[in-house]
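A.B. asks: Everything below, folded, please.
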Amino acid sequence: MNRLPVWITIAVLLLTDLSVASVFYWPSAEDANKTRDCKWGPWQGTTCEKTGKRVFQIFQTRIKFEAKNGGNDCRGRTFRVKPCTMTDFIAESLYRTVNTGTEAGTTDSGKGGFMWSSWSSTDSNQLHKYNPCAERFYDENGGLRIAGKCETVERTRKREDGSTETVEEPAPVITRRRKRNILSTNKRDLLFLIDASGSIGEENLEKEIKLAKTMASKLCDKISIGKNKTRVAVMTFTHKQKPHLNFDDYFEKPEVIKSMDKIKYKGGGTCIIKALDFTRKEMITTVRGARNYEPGTERVVVFITDGCDECEGNSNLLGDLKDMQKHFEDQEIAFISYFVGKADSCTKEILALADGSRCHQYHRADNWAEVDEMTKYIAKQPCMDSWKIGVPCTL
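C.D. replies: Presented below is the predicted three-dimensional model:
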């Protein structure tokens, strides 16, 4: 079979492309004069916000495409408000916290909260400052649901009658010198540290894993899972520690999510201190693919648990957790805790892991049904496309 000369083939392809393009990009005069009815675009907006003491709402807008050439108009509004729940609001705060980075720009909310601020982009050993207390959120029963690091000091003040009283006030703004370089807006090592102890049970372990998978699925574009973007690792703990996924095992999102499906429930005691010690010494290491010495890479732990440490020998758990938090802080590894259960003594202990790197590092679900609802809410949110730096501390 004889072939056409190359120049003729190219000419035919060009003409074909132009004719196809004219159909899609250059409407004819006849099309421009056609009658077109008004149409509404889809509603946009999924963020649940607190607009009153116990009022939670989602604000949405949509675009109106006007009628043309005598087409029918459409009625309606470009703005609407939908109700959402307290559970949605807590999920939004958790989602926003995971998407936040420890870096740059004042985050003073006017409500007593800072994250890291006062940075110099040219100084690799720059200073950071934070106010140790951010706004907290309590449910209608007085249970703490959202909180961050809050260091207080006792002060003596005079009453109007001349007597004195001792009160607790937020500690002064703290200044520290950061060892690592300015953080990248697209690189992060993210570890999901998941409680798989006997109190969790097989069904609820699946719910924890589903929450972790949902968060991982939201890493998109510039911060999608990848060798030079976001690396994800997974570890479960009972009285033993079990790494399931190293930071450099997979660099594709489907493979990371699929690997989480292989995690099996075995039960055991809840040994948090041992798990944290293993995390900093054995898990977040270059051997397991963590970028500990790569400039700009933040290391973050998302810690999911339903209770306190039950291991023998931990007579001073609160003190041990504070010591452990100091180790993580010295290594500049940030902690985000998600606690499932009623507000009790564990609240204070889990909150001890907060280091001030984010406004709100403690989030609590009352029960496992709320975990389901929060996972569904996060699943409906748009993808995270970059690590947000210097986000205001607002609730």
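
A.B. asks: residues touching the spatially most central residue of the chain, list them.
C.D. replies: Central residue of the chain (CA atoms, centre = their mean): Val98, 1.5 Å from the mean position. The contact partners of Val98, taken as CB atoms under 8 Å, 6 or more residues apart in numbering, are Met215, Val300, Val302, Ile336, Met384. Every residue, glycine included, has its C-beta placed from N, CA and C.

A.B. asks: can you count the residues close to the last one?
C.D. replies: Neighbour count of Met384, defined by other CB atoms under 10 Å: 21.

A.B. asks: what's the nearest residue to it if we skip its chain neighbours?
C.D. replies: Closest residue in space to Met384, ignoring its immediate chain neighbours: Asn99 at 4.7 Å, by CB to CB, 6 or more residues apart in numbering.

A.B. asks: ok, now which ones touch that neighbour?
C.D. replies: By CB under 8 Å, 6+ apart, the neighbours of Asn99 are Met384, Trp387, Lys388.

A.B. asks: Give me the spatial nearest neighbour of Cys271, chain neighbours excluded.
C.D. replies: Cys311 (4.1 Å).

A.B. asks: any weak-confidence spans in this structure?
C.D. replies: 1-31, 102-133, 151-154, 167-183, 312-314, 345, 390-392 (pLDDT under 70).

A.B. asks: which stretches of it form helices?
C.D. replies: 6-25, 29-32, 86-98, 201-217, 253-260, 272-278, 317-330, 345-351, 368-379 (DSSP state H).

A.B. asks: how much space is there between Thr298 and Phe192?
C.D. replies: You called it Thr, but residue 298 is Glu. 15 Å (CB to CB, to the nearest Å).

A.B. asks: Which one's more surrounded, the two?
C.D. replies: The residue with more neighbours, out of Glu298 and Phe192, is Phe192; 25 against 20, by other CB under 10 Å.

A.B. asks: so how far is Val300 from Arg358?
C.D. replies: Applying CB to CB to Arg358 and Val300 gives a distance of 9 Å.

A.B. asks: More neighbours: the two, which one.
C.D. replies: Neighbours per residue (other CB under 10 Å) separate Arg358 from Val300, with Arg358 holding more: 26 against 23.

A.B. asks: who touches stretch 36-47?
C.D. replies: Contacts of stretch 36-47 (CB under 8 Å, 6+ apart): 58-69, 71-74, 76, 80, 92, 380-382.

A.B. asks: Are any of these buried, and if so which?
C.D. replies: Ile58, Gln60, Glu92, Gln381 (16 or more other CB atoms under 10 Å).

A.B. asks: between those residues, which is nearest Asp306?
C.D. replies: Of all these, Asp306 sits closest to Glu92, with 21.7 Å by CB to CB.

A.B. asks: and the closest residue to the closest one other than its chain neighbours, how many neighbours?
C.D. replies: Leaving aside its sequence neighbours, Glu92 sits nearest to Cys48 (CB to CB, 6+ apart; 4.7 Å). Counted with other CB under 10 Å, residues neighbouring Cys48 total 24.

A.B. asks: Ok, His363 next?
C.D. replies: That count, for His363 with other CB under 10 Å as the rule, works out to 23.

A.B. asks: ok, it - contacts?
C.D. replies: Counted by CB under 8 Å, 6+ apart, His363 has contacts Ile90, Ser93, Leu94, Thr97, Arg145, Ile146, Ile336, Ser337, Tyr338, Phe339.

A.B. asks: Distance of the spatially closest residue to it that is not a sequence neighbour relative to Asn228?
C.D. replies: Excluding its sequence neighbours, the residue lying closest to His363 (CB to CB, 6+ apart) is Leu94, at 4.5 Å. Counting by CB to CB, the gap from Leu94 to Asn228 is 27 Å.

A.B. asks: these two touch, right, Gly70 and Lys34?
C.D. replies: No. With contact defined as CB atoms under 8 Å, Gly70 does not count as touching Lys34 (10.2 Å).

A.B. asks: Give me the common contacts of these two.
C.D. replies: By CB under 8 Å, 6+ apart, no residue touches both Gly70 and Lys34.

A.B. asks: neighbour-wise, which of those two wins?
C.D. replies: More crowded of Gly70 and Lys34, by other CB under 10 Å: Lys34, with 11 against 8.

A.B. asks: How about the contacts made by that one?
C.D. replies: Lys68, Asn69.

A.B. asks: Mind doing that once more with 7 Å?
C.D. replies: The contact partners of Lys34, by CB atoms under 7 Å, 6 or more residues apart in numbering, come to Asn69.
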